[in-house]
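[1] quick check, what structure comes out for this input:
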Amino acid sequence: MRTPFGTLLIILGAGLILAGVLANTGLLSWFGRLPGDIRIERGSTRVYIPIVSMLLVSIVLSLLLSLVRRIR
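    Residues are numbered from 1 along each chain as shown. Here you go, the predicted model:
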């Protein structure tokens, strides 16, 4: 018998594997470089603040979770 928690872990694991494959192939090279993302490079110090990228991730996850709630 499957539990909802076990199914959730399987889905999250598959999502992480997919994200890893996309990042490894270079298809996510745009992430963190959108207009509005802050990059500060001075000497040997680098600071990245991906504001717009995180907003995009938040919107996509909110839409996906909303769809999952409606299906159940």
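[2] low pLDDT regions in the protein?
    Counting by pLDDT under 70, the ranges of the chain that qualify are 1-2, 72.
[3] which strand or helix spans Phe31?
    Per DSSP states H and E: Phe31 is located in neither a helix nor a strand.
[4] what's the neighbour count on Leu61?
    Neighbours of Leu61 under the rule other Cβ atoms under 10 Å: 10. In short, each C-beta sits where N, CA and C put it, glycine included.
[5] do you know how far it is from Leu27?
    According to Cβ to Cβ, to the nearest Å, Leu61 and Leu27 sit 19 Å apart.
[6] please apply the same query to Thr45.
    Going from Thr45 to Leu27 by Cβ to Cβ gives 29 Å.
[7] the closest residue to Ile40 other than its chain neighbours: what secondary structure?
    Distance criterion Cβ to Cβ, 6 or more residues apart in numbering; nearest residue to Ile40, sequence neighbours excluded, is Val47 at 4.3 Å. Secondary structure, DSSP: H, G, I helix; E, B strand; the rest coil: Val47 is strand.
[8] before we move on, the earlier item: Thr45 and Leu27: which is more packed in?
    Neighbour count, other Cβ under 10 Å: between Thr45 and Leu27, Leu27 has more, with 10 against 7.
[9] shouldn't Pro35 be in contact with Val52?
    Yes - Pro35 sits in contact with Val52 when judged by Cβ atoms under 8 Å, with a separation of 6.7 Å.
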